[in-house]
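Chemist: Pasting the sequence and the predicted coordinates here, then a few questions.
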Amino acid sequence: MNISLISITKLPALTISIMVLLSACATSQPILYPNEHAKEVGDKQARIDINECTKLAKDSGASSSSADEVAKETAGSASEGAATGAATGAVTGNAGTAAAVGAISRGMGQFFSGMRRNKGPSPAYKEIVERCLIDKGYEPVGWK
């Protein structure tokens with residue numbers, strides 16, 4: 001099997017990109033208590049208000065997901081794995097393949113470890129969204 005060095009070296013970047021995209025799909029949303037205001041405005045307006053409050057939190061600089069941190073950790077681990085693999089491969093005579101394998105294995109390990117720790121939005125993000133919703137008349141009771 002003849003795999004070119006160029007295609008092997010692109011694998012870590014492709015793998016990391018896929019992992020980041022998958023992790024970005026998992027976004028948390030506040031759960032609203034069905035108080036009089038929520039009943040009065042209805043589900044459609046409640047969704048609009050939630051979107052406005054989440055935009056406010058994001059615009060304030062709060063992180064909507066721990067996935068941002070996981071992505072940074074994954075990229076760092078993949079770089080370390082590539083360096084370690086390249087060093088090992090230099091000794092064994094196949095630096096390119098070893099670098100790619102090192103990057104993928106370290107990156108994947110860090111990604112899955114980080115995703116197990118991912119507990120949703122940052123505390124600051126939740127606080128901003130919840131305060132915004134309370135100001136609008138809602139009663140946030142948790143996150144899903």
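Modeler: Alright, I've got the coordinates. Numbers count the residues shown, from 1 in each chain.
Chemist: which stretches of the chain form strands?
Modeler: With DSSP state E, the ranges of strands along the chain come out as 30-32, 140-143.
Chemist: export those strands to CSV and tack on mean pLDDT and mean neighbour count?
Modeler: Any C-beta I mention is one placed from the backbone N, CA and C, and that applies to glycine too. Listed next are the strands of the chain as CSV, based on pLDDT from 0 to 100; neighbours: other C-beta atoms under 10 Å:
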stretch, mean pLDDT, mean neighbour count
strand 30-32, 97, 16
strand 140-143, 97, 14
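Chemist: Arg106 is nearest to which of the ones you listed?
Modeler: strand 140-143 (31.4 Å; C-beta to C-beta).
Chemist: So what are the sheet partners of that closest one and their directions?
Modeler: Counting by DSSP bridges, the strands paired with strand 140-143 are strand 30-32 (antiparallel).
Chemist: contacts for the strand it pairs with?
Modeler: 38, 46, 50, 53, 126, 129-130, 133, 138-144 (C-beta atoms under 8 Å, 6 or more residues apart in numbering).
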